[in-house]
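In: model the following, please.
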Amino acid sequence: MAARGRCPECGSEALVEDSHYAQQQLVCASCGCVVSEGLLTTTYTEEEQLREVAYSQSTGQKEQLSRCLQRGIRRVQDLCKVLQLPGAFEETSVSYFQRALQHPRFHLLSLEKKELLGGCCVFVTCRQHNWPLTMGTICSLLYAKQELFAGVFLSLQKELGLSVPALSLADLVKTHLNGFRLCQRPADVPAPFVEDKEQLVTRTLQLVELAGETWLVTGRHPLPIVTAAAFLAWQSLRPCPRLSCSLARFCQLADLDLPPPARLRLSELLDVLLRMASQLAWLRVFRLDKKSVVKHVGDLLQHRIFLLRNAFCQEGEEERGEADPGQGPPPAQQKGHPSERSGRRPLLPPCLLKPRKRLRTAAPSAWEAAVTGDEPISDGEIEQYLRSPEEIRAFRRAKAWQ
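Out: As a prediction, the model looks like this:
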């Protein structure tokens, strides 16, 4: 059927109506240009009014994006159900995911990173609502590497302008100890090693607070500190059958990974406890070491503020209570005694007390050794150090006065 009008491409008036898959189109018979297309379906906003629109504006063009969005939303919802999050958390996570997919920064992400995007939205929501959830938990559920997840998380936080508060150590302790097998009374764990969860969490929190007050937390990864504090708390609650258990076996029984720095954090915590123990009168008679001091962790934590004040001094404060020069040192200060902690030292970070050894520099050459810095500078060379024309003119005037 011929139609009126002209083709915008060739100017021909031979326009015909063509039914293409039940869609009416106006086509130029000379060059084949589609002058106008028919009406097929509706847009998202016009679906309720049943208004017909062109195919290029219909939902068919957005079908692929819609599938990606629907698949991601289902993944976010499933993750929220696994974590047993409230309904409000799920709605917030889904809205963040929709915003992220609409942002141009995330259109060209790889499939692996797009799958992590939903987990990042859940992680952000939990942090904003102060819900104790760690990055390691999300990564274990998504079977993802923490480095890759952290990169997507930082990009999401930056591009969407999200404010994500840091997880407090107290919340991290509760989350970290939540899955301890030693608190679940499994059949393969000896009875003396099983511990009540509430008591273990309370004692671990006290030790983590002690670590924070003695500069053992600042600038360090929290998991090794929490692991070392949990091990000390577990041993101190029933020391007799547990002192022979090592940190590696404890982590194996508790079904958690042993962070490599946990041994160093454990040694630093024990040093603080030994120094505090030297300030208690009824403990000075014992020859305490890093194993026996665990038996008295409860007493040390009970008097923590007093013992810290007496065991350490502020930077620049002179030590008090020094021994009389005419008398010998007290038993706790004798050389070689494991409890030698009564001498007060400044409460400083471990990096200042035991700085790392600097790398040795190469020996200076003979020419470098001959340069002392007192050599005279020639008039031609000094002009290289003058930066402005005013300085050059002032130098020339000073030279003319000589």
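
In: helix/strand/coil for residue 355?
Out: coil (DSSP: H, G, I helix; E, B strand; the rest coil).

In: separation between it and residue 308?
Out: Residue 355 sits 23 Å away from residue 308, going by Cβ to Cβ, to the nearest Å. Using the backbone N, CA and C atoms, a C-beta is placed for each residue, glycine as well.

In: of those two, who's got more company?
Out: More crowded of residue 355 and residue 308, by other Cβ atoms under 10 Å: residue 308, with 18 against 8.

In: residues touching the more buried one, list them.
Out: Residue 308 sits next to 213-214, 276, 347 when contact means Cβ atoms under 8 Å, 6 or more residues apart in numbering.

In: where strands are concerned, which of the residues you listed count?
Out: Among the contacts of residue 308, the subset assigned to strands under DSSP state E is empty.

In: could you dump the residues you listed to JSON lines with pLDDT and distance to residue 243?
Out: JSON lines is the format used below for the contacts of residue 308 (pLDDT from 0 to 100; distance: Cβ to Cβ, whole Å):
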{"residue": "213", "pLDDT": "88", "distance to residue 243": "25"}
{"residue": "214", "pLDDT": "89", "distance to residue 243": "23"}
{"residue": "276", "pLDDT": "90", "distance to residue 243": "19"}
{"residue": "347", "pLDDT": "78", "distance to residue 243": "28"}
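
In: residue 240: which of those residues is nearest?
Out: residue 276 (21.9 Å; Cβ to Cβ).

In: what's the nearest residue to that closest one if we skip its chain neighbours?
Out: residue 307 (4.0 Å; Cβ to Cβ, 6 or more residues apart in numbering).

In: and the one you found, what pLDDT?
Out: pLDDT, the model's per-residue confidence, is 88 for residue 307.

In: tell me which element it falls in.
Out: Residue 307 is part of helix 304-311 when elements are defined by DSSP states H and E.

In: can you check residue 35 too?
Out: strand 34-36.

In: in the chain, which spans are strands?
Out: Here the chain has its strands, by DSSP E, at 2-3, 15-20, 23-28, 34-36, 39-41, 53-54, 312-313, 345-346.

In: domain map for this structure?
Out: 1-42, 67-166, 170-313 (the TED database).

In: I'd like those domains as CSV, with distance to residue 377 appended.
Out: Below are the domains of the chain laid out as CSV (distance: least, Cβ to Cβ, whole Å):
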stretch, distance to residue 377
domain 1-42, 78
domain 67-166, 50
domain 170-313, 44
